[in-house]
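Colleague: sharing a model that was predicted from the sequence below.
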Amino acid sequence: MTKEVNPTDPATIPKFVDELPKPVTAKPKYYKGQQRKDYYELKMMQAEHCFHKDFPKSIIWGYNGLYPGPTIEAIKDKSIYVRYSNQLPLKHFLPVDFSLHAANDSKEVRTVTHLHGANVDWESDGHPEAWYTRDYAQTGPKFSKEIHEYTNHQPGTTLWYHDHAMALTRLNVYAGLAGFYLLRDSLEERSNLPCGDYEYPILIQDKSFNEDGSLYYPDEPPFPVPVHPSITPGFVGNTIVANGKVWPYLNVEPRKYRFRFLNGSNRRGYVISLSNGEPMIQIGTDGGLLTAPQEIQSVELLPAERTDIIVDFSKYEGQEITLVNSDEDFIDEHTKEIMQFNVCLPLKCEDTSEIPERLAVSMDLHSHDAHIERHLPLTATTDDFGRPMLLLNNRMYHDPTTEKPALDSIEIWNFLNATQFDHPIHLHLIQFKILERRPFDMELYQNEGRLEFTGPSEKPRNYEQGWKDTVKAEAGKVTKIIMHWKDHVGHYMWHCHFLEHEDHDMMRPILVMKDVHPVQEQHAEIQHEVEHSQEQHHDDSTIVTGNNEHTVPLLNNIPHITPTEETIEYAHASLQTTYLEDEVEYNPQTIPLLTTTQNITRSTETAYLVDNVEYNQLSTPFLNNTKNITFSNVELPEHQIHKVSDSESIPQPIFPFTEIQARQRIPVRRRRRRWY
């Protein structure tokens with residue numbers, strides 16, 4: 001290390017002096033079974049890594065001791081087997097917070113690998129409670145097998161594998177446990193896209209370093225807490241690392257290149273563009289190729305998001321082009337640059353690659369086919385130590401499962417982000433489509449639990465048009481997505497992919513169930529009476545009041561509260577909470593949602609057809625301490641079968657009751673601090 005370079009000070013670190021490395025490709029150890037399915041073994045090991053030519057080597061944890069880990073290349077519908085073995089030290093080299101659940105009574109070093117974006121059986125999905133220690137000496141409650149089977153039954157795309165151990169994901173991924181998984185298919189082959197030496201997967205992360213060049217990660221948040229070491233609400237580094245090198249460069253020929261960009265950071269987002277202002281050609285998103293290439297000026301990537309880009313350097317011969325980051329959060333003069341392309345190599349041969357006019361066949365999902373619609377709030381609270389904690393659906397991780405989709409059902413999920421900042425929400429198992437975003441009055445929702453839209457719906461951005469497994473849930477907006485639960489049943493996850501948030505309870509279980517008819521589920525049936533009026537709300541706003549069933553356990557022993565009825569007008573038919581089909585109007589029943597209410601009358605509409613015979617089932621009550629509850633069967637017309645929606649069931653934020661001190665909402669004064 002030269003005397004002038006101080007790894008803690010990015011101003012002293014020379015940029016674009018290390019060449020961008022291409023991750024090595026994993027080789028199968030042997031073939032398994034009569035069909036000769038590839039079998040891989042990847043060892044999680046501690047090793048030394050050089051982030052910059054002027055840094056001493058740093059300790060990292062990597063698959064096979066490499067950072068990034070070896071790239072696995074697989075073929076659609078051809079299964080492979082992977083065994084990830086833990087050969088790591090027994091003590092972590094980054095600060096472990098033992099106050100987090102699963103960390104306080106378990107071994108310090110635990111791992112489990114999740115193939116992000118994969119359509120895979122849950123036992124091979126990398127469940128956070130399927131962790132294991134070195135040589136499988138101890139295992140988590142969901143651990144079942146050592147070898148993961150990836151059937152690859154999905155379109156070709158850019159996936160990535162990373163550690164997913166409960167309460168340790170932020171540390172293990174930051175330490176280096178991440179790698180690419182490239183799934184290829186026949187469509188990609190026929191498309192004649194740039195390949196081989198002209199295709200680069202690029203893992204973008206931010207890091208900070210100590211003076212000796214070792215990785216720095218904070219052991220406490222930027223405010224006093226009674227726990228040490230303590231998780232921080234969000235870590236951002238002061239340097240940008242691409243494929244393991246700080247601000248690297250890549251010498252390229254004047255021809256087309258394909259770049260698969262992945263944001264693997266803990267917290268930082270990126271808005272990627274070229275410094276010369278020229279457009280890029282996007283051909284794919286998280287879930288695979290687009291229906292047609294599209295020209296974009298920039299693309300935003302929150303943690304875990306990927307994009308598939310083609311850059312044609314043939315017009316830029318002799319130029320130096322910087323890949324820049326224009327994201328406004330945490331930006332400075334150093335983190336606004338990612339890497340540099342030098343168009344300085346001679347053309348080895350004629351560029352015969354193509355950018356086809358058409359790519360994937362459209363397989364869109366339609367809102368009218370959805371069997372259930374869920375409203376899921378994103379809220380802020382505090383934990384037992386007074387630290388800020390983010391929640392999904394007003395629940396902590398260990399609370400009972402509330403999202404239980406039926407196999408082969410289509411669902412719509414609405415993320416109501418009542419926090420002060422955006423969150424990248426990731427769903428395991430499936431790829432979804434973004435339908436829209438719509439702003440709402442956050443203050444009204446936080447203070448009164450009412451949802452009032454303040455503007456029209458917003459279409460997905462041009463770079464979000466394809467299949468996604470991670471979506472930006474914007475602050476103060478309802479983000480609506482649609483997905484098809486198919487192929488697998490079992491235990492999965494949905495969580496924020498800000499890794500510090502995920503480790504601190506912003507993660508919830510999903511139970512995909514078989515042999516359950518895909519209609520409105522019992523736990524999602526609570527609905528409010530809604531009226532449409534042509535005389536009111538001509539400002540296109542929408543007001544929905546009351547809790548849904550998800551907040552019931554937090555509102556115990558509060559008598560004499562009567563739900564109110566509000567007038568609602570929607571601009572979009574897809575947003576209507578009262579709907580018309582064949583000129584028949586359906587208005588759900590009005591019922592209170594508190595656990596001490598009495599004399600509740602409830603209408604059950606879980607109607608379905610079996611062998612052309614209509615059944616109306618009574619559902620078991622779920623409200624605690626209720627008395628004299630009357631359930632009535634409602635005969636639904638045939639055209640309403642499978643159309644029950646809980647879009648009236650808008651959850652409220654958590655209110656600060658004295659009996660739940662640990663889950664109080666963060667005061668406005670604290671919430672406005674940029675602790676994230």
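Modeller: Yep, it's here.
Colleague: CA only for contacts and neighbour counts going forward, please
Modeller: Will do.
Colleague: helices of the protein, start to end?
Modeller: With DSSP state H, the ranges of helices along the chain come out as 169-175, 186-191, 442-448, 499-503, 668-671.
Colleague: mean confidence score for the first one?
Modeller: Confidence over helix 169-175 (mean pLDDT, whole number) is 98.
Colleague: for it, name the packing helices and strands.
Modeller: When contacts are defined as 3 or more C-alpha pairs under 8 Å, 6 or more residues apart in numbering; DSSP states H and E, helix 169-175 packs onto strand 58-63, strand 157-163, helix 499-503.
Colleague: report the angle between the first one and strand 157-163.
Modeller: Orientation check (axes from the mean of the first three to the mean of the last three C-alpha atoms, to 10 degrees): strand 58-63 against strand 157-163 gives 120 degrees.
Colleague: so which elements touch strand 58-63?
Modeller: Here strand 58-63 touches strand 37-49, strand 69-75, helix 169-175, strand 178-184, going by 3+ C-alpha pairs under 8 Å, 6+ apart.
Colleague: gap between it and the chain center?
Modeller: Taking C-alpha atoms, centre = their mean, to the nearest Å, one finds strand 58-63 lying 25 Å from the centre of the chain it belongs to.
Colleague: same question for it, mean pLDDT?
Modeller: 98.
Colleague: same question, the shortest one
Modeller: Across helix 499-503, the average pLDDT comes to 98.
Colleague: for the longest one, same thing?
Modeller: Mean pLDDT, computed over strand 157-163, is 98.
Colleague: other SSEs contacting that strand?
Modeller: Contact partners of strand 157-163 among helices and strands, from 3+ C-alpha pairs under 8 Å, 6+ apart: strand 113-116, helix 169-175, strand 178-184, strand 288-296.
Colleague: of the helices of the chain, flag the one that's most buried.
Modeller: Mean neighbour counts were compared across the helices of the chain using mean count of other C-alpha atoms under 10 Å; the top stretch is helix 499-503, at a mean of 26.
Colleague: same for that helix, what does it pack against?
Modeller: helix 169-175.
Colleague: contacting residues around the helix it packs on?
Modeller: Outside helix 169-175, the residues within contact range by C-alpha atoms under 8 Å, 6 or more residues apart in numbering are 60-62, 94-96, 111, 162-163, 215, 265-266, 499-500, 502-503.
Colleague: now could you export just the CA positions of stretch 202-211 as PDB?
Modeller: C-alpha atoms of stretch 202-211 as PDB (Å, rounded to 0.1, in the frame of the first residue of the first chain):
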ATOM      1  CA  ILE A 202     -21.500  -7.400 -12.500                       C
ATOM      2  CA  LEU A 203     -22.200  -7.500  -8.800                       C
ATOM      3  CA  ILE A 204     -22.300  -3.900  -7.400                       C
ATOM      4  CA  GLN A 205     -21.900  -3.400  -3.600                       C
ATOM      5  CA  ASP A 206     -20.700  -0.600  -1.400                       C
ATOM      6  CA  LYS A 207     -18.000  -1.200   1.300                       C
ATOM      7  CA  SER A 208     -16.100   0.800   3.900                       C
ATOM      8  CA  PHE A 209     -12.600  -0.100   5.100                       C
ATOM      9  CA  ASN A 210     -10.400   0.200   8.100                       C
ATOM     10  CA  GLU A 211      -6.900   1.700   7.700                       C
END
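Colleague: could the helices and strands packed on strand 58-63 go into TSV alongside distance to Phe261?
Modeller: Shown next, in TSV, are the helices and strands packed on strand 58-63 (distance: least, C-alpha to C-alpha, whole Å):
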stretch	distance to Phe261
strand 37-49	22
strand 69-75	14
helix 169-175	17
strand 178-184	10
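Colleague: Glu41 touches Arg83, doesn't it?
Modeller: Yes. Here Glu41 lies in contact with Arg83, judged by C-alpha atoms under 8 Å, at a distance of 4.8 Å.
Colleague: contacting residues around the closest residue to His423 other than its chain neighbours?
Modeller: Of all residues not flanking His423 in the chain, Ala473 sits nearest, at 5.2 Å (C-alpha to C-alpha, 6 or more residues apart in numbering). Going by C-alpha under 8 Å, 6+ apart, Ala473 touches Phe415, Leu416, Asn417, Asp422, His423, Pro424, Ile425, Thr479.
Colleague: okay, Ala473: pLDDT?
Modeller: At Ala473, the model reports a pLDDT of 98.
Colleague: ditto for Ile654
Modeller: Looking at Ile654, its pLDDT reads 41.
Colleague: do the one 5 residues further on as well
Modeller: The score at Glu659 is 31. That number is its pLDDT.
Colleague: same check on His101?
Modeller: As summarised for this prediction, His101 has a pLDDT of 84.
Colleague: please apply the same query to Gln536.
Modeller: Confidence at Gln536, expressed as pLDDT, is 38.
Colleague: now do Met363
Modeller: For Met363, the model assigns a pLDDT of 87.
Colleague: count the neighbours of it for me.
Modeller: Residues lying near Met363 (other C-alpha atoms under 10 Å) number 8.
Colleague: just Asp54 next, same as before
Modeller: Asp54: 19 surrounding residues under other C-alpha under 10 Å.
Colleague: spit out the contact partners of the residue lying closest to His101 once chain neighbours are set aside.
Modeller: Leaving aside its sequence neighbours, His101 sits nearest to Ala167 (C-alpha to C-alpha, 6+ apart; 7.0 Å). Shown in contact with Ala167 (C-alpha under 8 Å, 6+ apart): Leu100, His101, Ala102, Ala103, Glu502, Asp503, His504.
Colleague: leaving out sequence neighbours, find the closest residue to the residue nearest the centre of the chain.
Modeller: Centroid-nearest residue in the chain: His426, 1.8 Å away (criterion: C-alpha atoms, centre = their mean). Excluding the flanking residues, the one nearest His426 by C-alpha to C-alpha, 6+ apart is Thr470, at 4.2 Å.
Colleague: neighbours of that neighbour, how many?
Modeller: When neighbours are counted by other C-alpha under 10 Å, Thr470 comes out with 30.
Colleague: quick check, it in contact with Gly287.
Modeller: No. If you go by C-alpha under 8 Å, Thr470 and Gly287 don't touch, sitting 9.6 Å apart.
Colleague: rebuild the helices and strands packed on strand 157-163 as JSON lines, extending it with distance to Phe313.
Modeller: Formatted as JSON lines, these follow (distance: least, C-alpha to C-alpha, whole Å):
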{"stretch": "strand 113-116", "distance to Phe313": "31"}
{"stretch": "helix 169-175", "distance to Phe313": "33"}
{"stretch": "strand 178-184", "distance to Phe313": "24"}
{"stretch": "strand 288-296", "distance to Phe313": "15"}
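Colleague: those: which one's closest to Gly449?
Modeller: helix 169-175 (32.4 Å; C-alpha to C-alpha).
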